[in-house]
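Q: Here is a sequence together with a model predicted from it:
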Amino acid sequence: MADDVIDADELDPGFKYEISKQPGGENLKLCFQCGTCSGTCPVRAINDKYNPRRIIRMALLGMRKEVLCSDFIWLCSTCYACHERCPQNVRIPELMFAIRNIALREGNIHPVYKGYVDALDGHGRLLEVGEFENEKRVKYGLPPIAEEKERVRKIFHHTRIKDRTDGKLKGGEACATEGSK
């Protein structure tokens, strides 16, 4: 029960404003906690750790560390079911991207996303398109797909995402001691 107690001294009252300044986070403060998002979410139906309403409430309260260090911010499947039903147009999938972006800037990245970055670095896309796939495309009158590694690597250089996922940039120390929630 002691884990359920919120220590007001550990809250960050500016966290909701920081999120609101991020692309996708602009409508965070419109949420009135109706629960439509959680009731609609297919991920929530199979994993009760993912609860969009709870994530939003924690963000509004200023529970920065608990939000940014949690695994559940990475679970949104971006199906947009919640977005279509939200009476306040909070745009929850975009909100989750905004929160993830803050977590990433602070060095907190879920291991599955490191795999995505490695795939993009290796092939310029998430899935490798090889000779077999390109032969099928040509057969159906589609142009072959070439790898665009250099273009992606320029983006990686500019954003330093590869450095972050490879642990070359410091950050995430606050989460390292507590682990994921």
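A: In hand now; what should we look at? The structure displayed is predicted, hence computed values, not measured ones.
Q: domain assignment for this structure?
A: 7-108, 109-168 (automatic domain parsing).
Q: Quick check: which of the ones you listed is buried the most?
A: Compared across these, domain 7-108 shows the largest average neighbour count, a mean of 18 (mean count of other CB atoms under 10 Å). In short, each C-beta sits where N, CA and C put it, glycine included.
Q: Quick check: end-to-end length of it?
A: Across its full length, domain 7-108 reaches 22 Å end to end, with CA to CA, to the nearest Å as the criterion.
Q: That one: how far from the chain's middle?
A: Centroid separation for domain 7-108 versus its chain: 9 Å, with CA atoms, centre = their mean, to the nearest Å.
Q: Now do the residue nearest to residue 34 when sequence neighbours are not counted, the pLDDT please.
A: Closest residue in space to residue 34, ignoring its immediate chain neighbours: residue 87 at 6.4 Å, by CB to CB, 6 or more residues apart in numbering. At residue 87, the model reports a pLDDT of 97.
Q: wait, residue 87 sits on residue 33?
A: No - under the criterion of CB atoms under 8 Å, residue 87 makes no contact with residue 33, lying 11.4 Å away.
Q: related to what we said a few turns ago, out of the domains of the chain, flag the one nearest residue 175.
A: domain 7-108 (3.6 Å; CB to CB).
Q: Would you mind giving me the confidence score for the residue located most distally from the centre of the chain?
A: The outermost residue of the chain, judged by C-alpha distance from the chain's mean C-alpha position using CA atoms, centre = their mean, is residue 139 at 37.2 Å. As summarised for this prediction, residue 139 has a pLDDT of 95.
Q: In which helix or strand does the most centrally placed residue in the chain reside?
A: When the chain is reduced to its mean C-alpha position, the nearest residue by CA atoms, centre = their mean turns out to be residue 100, at 3.6 Å. Using DSSP states H and E, residue 100 maps to helix 92-105.
Q: quick one: average confidence on the helix or strand following that helix?
A: For helix 92-105, the succeeding helix or strand toward the C-terminus, using DSSP H and E, is helix 111-123. Averaging pLDDT along helix 111-123 yields 86.
Q: what helices or strands is helix 111-123 leaning on?
A: In terms of contacts (3 or more CB pairs under 8 Å, 6 or more residues apart in numbering; DSSP states H and E), helix 111-123 is packed against helix 149-159, helix 161-165.
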